[in-house]
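> Structure here, sequence nowhere to be found:
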């Protein structure tokens, strides 16, 4: 783990939770593609308001990233790489974009937690994400809906 802040938080977590000492080092992540949203989401995760995230399957594939798996650990940072908390994946569902419901938006915990807010902000994000690869989002695209629990924060 190159990020010293994340490495320190992971070490503190392991000191308090020896049962996870044999786990591989977690991936270090921030949410979103801009500073304001990344920092807001990190705060929402630490407050346990945000308990899910939605990836486009196509985006993951184009970046050669793995689909999240139940039990995966992550160190969540703010935009500047300051470690904020540790989360663990508790559920993963593959859903077409058009089938996302209010429940999904509430679990993501962003904005007013409405489906309308979710659809607008995520469509905008997927448009930016996929444009880098010369493609666009579609209503039928597959969303990787990942639920997680916040396990540790300073």
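Received, thanks. The structure presented is a predicted model; accordingly, all values stated were derived computationally and were not measured.
> From here on, just use CA atoms for contacts and neighbour counts.
Fine.
> residues of the longest helix belonging to the chain that come out buried?
Longest helix in the chain, counting residues (DSSP state H): helix 115-131. For helix 115-131, the neighbour count (16 or more other CA atoms under 10 Å) marks 118-119, 122-123, 125-126, 129-130 as buried.
> Report the separation between residue 74 and residue 151.
Using CA to CA, to the nearest Å, residue 74 is found at 10 Å from residue 151.
> Pick out whichever of the two has more residues nearby.
Each of residue 74 and residue 151 has its neighbours counted (other CA atoms under 10 Å); residue 74 has more, 21 against 14.
> now whichever strand or helix holds that one, how far from the centre of its chain.
Per DSSP states H and E: residue 74 is located in strand 73-77. Here the centre of strand 73-77 is set off from its chain's centre by 9 Å, with CA atoms, centre = their mean, to the nearest Å.
> other SSEs contacting that strand?
In this structure, strand 73-77 packs against helix 4-16, strand 27-29, strand 83-96, with contacts taken as 3 or more CA pairs under 8 Å, 6 or more residues apart in numbering; DSSP states H and E.
> 7 Å instead, please
strand 27-29, strand 83-96 (3 or more CA pairs under 7 Å, 6 or more residues apart in numbering; DSSP states H and E).
> list the buried ones in the first one?
Residues of strand 27-29 classed as buried by neighbour count (16+ other CA under 10 Å): 28-29.
> Partner strands of it and their direction?
The strands that strand 27-29 pairs with in its sheet are strand 73-77 (parallel) (by DSSP bridges).
> between the strand it pairs with and helix 4-16, how many degrees?
Interaxial angle, strand 73-77 versus helix 4-16 (axes from the mean of the first three to the mean of the last three CA atoms, to 10 degrees): 130 degrees.
> outside of strand 73-77, which residues touch it?
By CA atoms under 7 Å, 6 or more residues apart in numbering, the surrounding residues in contact with strand 73-77 are 6, 26-30, 42, 83-89.
> Go again with 6 Å.
26-30, 83-88 (CA atoms under 6 Å, 6 or more residues apart in numbering).
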